[in-house]
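Trainee: sequence? don't have it. structure:
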């Protein structure tokens, strides 16, 4: 999941579609994010590369929409509804996820285990 | 007048004060060196191979002891005399010196010590007289032919007078100081300066004699200018003297490590480029101030242990006296000692623990006794002085009055820490009176007994150590170098000195703009969406 500056990022991603749950006036997704270009990347427990300032899923609430949709702790969110999440501040990421007009968020997330699976399947071939 | 003063010459007072001392020292070196009154450091450069009995004292371990006594069964009991330097033994030289202690050498000593001062004064007189004689002689010898002295010439008189006065004062300040020590060899710089001054004076006299007296020059202003130029040259020699004798060695470039041989007390000193004998002098001055007083009583424990190590072994030469008996015996002893299961470390540990406990107990008793004693004495206030309460005492009597209550505790403490020979009853009472006079607390009074102070504090009791011997492989007038070693021997112990150059430092600069200190906050926030 490391990137070369200036080159397009290539990653194996999984598409996850989360339906927002309406709780009173709020729309909740059921997970917490951490990271961002204004944050300290060395504190991130989930990233391989400790200089990776991407947005990571730090917590998934049990039974929430995110868990149902297949989101796991430690996933890196690459895109939200088409918006890039690899070079955003923490607050921008939050805003993109919590737009009141959207009921559904389609995330592209990347995970280490995904890469391994793909590699293994390619090797087996 | 066109005398090219190639060397900048300074004052003529720079006679070598130790020049004659060194000559006499070479005479004295053949006689005894045991002078309790003077602080000498006679050199013993090993090139001269003057070995006195003191230097023969074995610093090696006890193995090479009395090999010829191998046949004597009783030698094991007498090994204490062999273990290293025994403090109270007297060398042959000391014994020889006892007889002629105070009579003959002392008088000669006084005369010789004043010889450098006399030389300095002589040179100074010469310096004073020469310019004045340059001025006066033409007036005496051919007054009628001499041109009258105009204003410029008289102005020169004024400048000559002041310069001469300054020269005299400067010479007095630099050279008329009481010599604090006698060095074994001549001080090279002083000798050189004295020679330079003499050379200058001689050449000026020569010029004066040949060009002025013989030809009876009538240009008096020129003569006065000649005299003024001489005084200028002498002032420059004085400047050279100041730079060479005082300033050059101020910049530190060596770090000397001084270790006392008996108890290992170590101090480090920084000093500049000095000859070995002058460095030794500086070290000795620091010694009296920094090193705690040498207490031979503290070393007896180590000696008794060493004696015990050896006393248990006796070597019998079974095969008859062989030629290499000594080395064979010592090796045998070493091997046997190594094989022996030694429990002396155990004894040492418990003994030291016991000793510490005892010292602390006595110290506690002493502190309490002293504090109580001090409460009995109170300073008389001013208003009380008008109506005296009866028996008012001066500090000495007050000290004598309260001393008995603490005397016993103090004596026991001093005995436990083996300091009792350093402090006499009188000195303790004098110190007590001193503390009372100066409103000191009991703690302040006790401090000088609880910690060993520097040697100078203890007065004239250890007057034997005023005489030091400088032992060095290099010549003592050679300058200090990196790695040079020498020893300063006293009667009881010696100071071993090693030198190291202070490393050359490279200092580089890093500029920090005052506005360049900027900070950002690093947050790790987690938002739930």
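Mentor: Great, that's in hand. In this text, all values refer to a predicted model and were calculated from it rather than measured experimentally.
Trainee: Shouldn't residue B:190 be within a strand?
Mentor: No: counting by DSSP: H, G, I helix; E, B strand; the rest coil, residue B:190 is located in no strand; its state is helix.
Trainee: where's it relative to chain A, distance?
Mentor: 69 Å (CB to the nearest CB, to the nearest Å). C-betas here are computed from N, CA, C, even on glycine.
Trainee: got a pLDDT number for that residue?
Mentor: As predicted, residue B:190 sits at a pLDDT of 90.
Trainee: Isn't it up against residue B:246?
Mentor: No: using CB atoms under 8 Å, residue B:190 is not in contact with residue B:246, being 11.8 Å away.
Trainee: Looking at the two, which one has more neighbours?
Mentor: residue B:190 (21 against 10; other CB atoms under 10 Å in any protein chain shown).
Trainee: residues contacting the residue of the stretch 151-300 of chain B found nearest chain A?
Mentor: With CB to the nearest CB as the measure, residue B:255 is the residue of the stretch 151-300 of chain B nearest to chain A, at 45.0 Å. The contact partners of residue B:255, by CB atoms under 8 Å, 6 or more residues apart in numbering or on different chains, come to B:268-270, B:499-502.
Trainee: Is it in a helix, a strand, or coil?
Mentor: strand.
Trainee: I'd say residue B:472 and residue B:279 touch.
Mentor: No: assessed by CB under 8 Å, residue B:472 is found out of contact with residue B:279, at 10.1 Å.
Trainee: list residues touching both of those two?
Mentor: Shared contacts of residue B:472 and residue B:279, defined by CB under 8 Å, 6+ apart, are absent.
Trainee: Comparing those two, which shows the higher neighbour count?
Mentor: Neighbour totals were compared for residue B:472 and residue B:279, and residue B:279 leads with 25 against 21 (other CB under 10 Å).
Trainee: ok so that one is a helix residue?
Mentor: Yes: secondary structure of residue B:279 (three-state DSSP): part of a helix.
Trainee: Contacts only, for it.
Mentor: Counting by CB under 8 Å, 6+ apart, residue B:279 has contacts B:254, B:256, B:271, B:480, B:497, B:499.
Trainee: which one of these sits closest to residue B:426?
Mentor: Using CB to CB, residue B:497 comes nearest to residue B:426 of these, at 35.9 Å.
Trainee: sorry, back to before: now, of the contacts of residue B:255, which are buried?
Mentor: Those of these that meet the buried threshold are B:269, B:499, by 16 or more other CB atoms under 10 Å in any protein chain shown.
Trainee: out of the contacts of residue B:255, which are inside strands?
Mentor: Among these, DSSP state E puts B:268-270, B:499-501 in strands.
Trainee: Turn the contacts of residue B:255 into TSV, including pLDDT and distance to residue B:214.
Mentor: As requested, the contacts of residue B:255 are arranged in TSV below (pLDDT from 0 to 100; distance: CB to CB, whole Å):
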residue	pLDDT	distance to residue B:214
B:268	96	62
B:269	95	57
B:270	95	56
B:499	95	56
B:500	94	60
B:501	94	56
B:502	94	57
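Trainee: So which of the contacts of residue B:255 reach chain A?
Mentor: Among the contacts of residue B:255, not one lies near chain A by CB under 8 Å from any CB of the partner chain.
Trainee: For residue B:287, give its distance to residue B:422.
Mentor: 17 Å (CB to CB, to the nearest Å).
Trainee: cool, residue B:507 as well?
Mentor: For residue B:507, the distance to residue B:422 (CB to CB) stands at 47 Å.
Trainee: Close to chain B: what parts of chain A are there?
Mentor: Counting by CB under 8 Å from any CB, chain A sits next to chain B at A:28-29, A:31-34, A:38-40, A:43, A:58-59, A:61, A:90, A:93-94, A:97-98.
Trainee: Got the confidence number for residue A:71?
Mentor: 91.
Trainee: May I ask you to confirm that it is in contact with residue A:31?
Mentor: Yes: between residue A:71 and residue A:31 there is a contact at 5.8 Å, judged by CB under 8 Å.
Trainee: which neighbours do these two share?
Mentor: Any residue near both residue A:71 and residue A:31 by CB under 8 Å, 6+ apart counts here, and that gives A:57, A:60.
Trainee: Retrieve the pLDDT associated with residue B:29.
Mentor: Confidence at residue B:29, expressed as pLDDT, is 40.
Trainee: Quick check: the residue nearest the centre of chain A vs chain B, distance?
Mentor: Closest residue to the average C-alpha location of chain A: residue A:77 at 1.8 Å, with CA atoms, centre = their mean. Distance, residue A:77 to chain B, using CB to the nearest CB: 10 Å.
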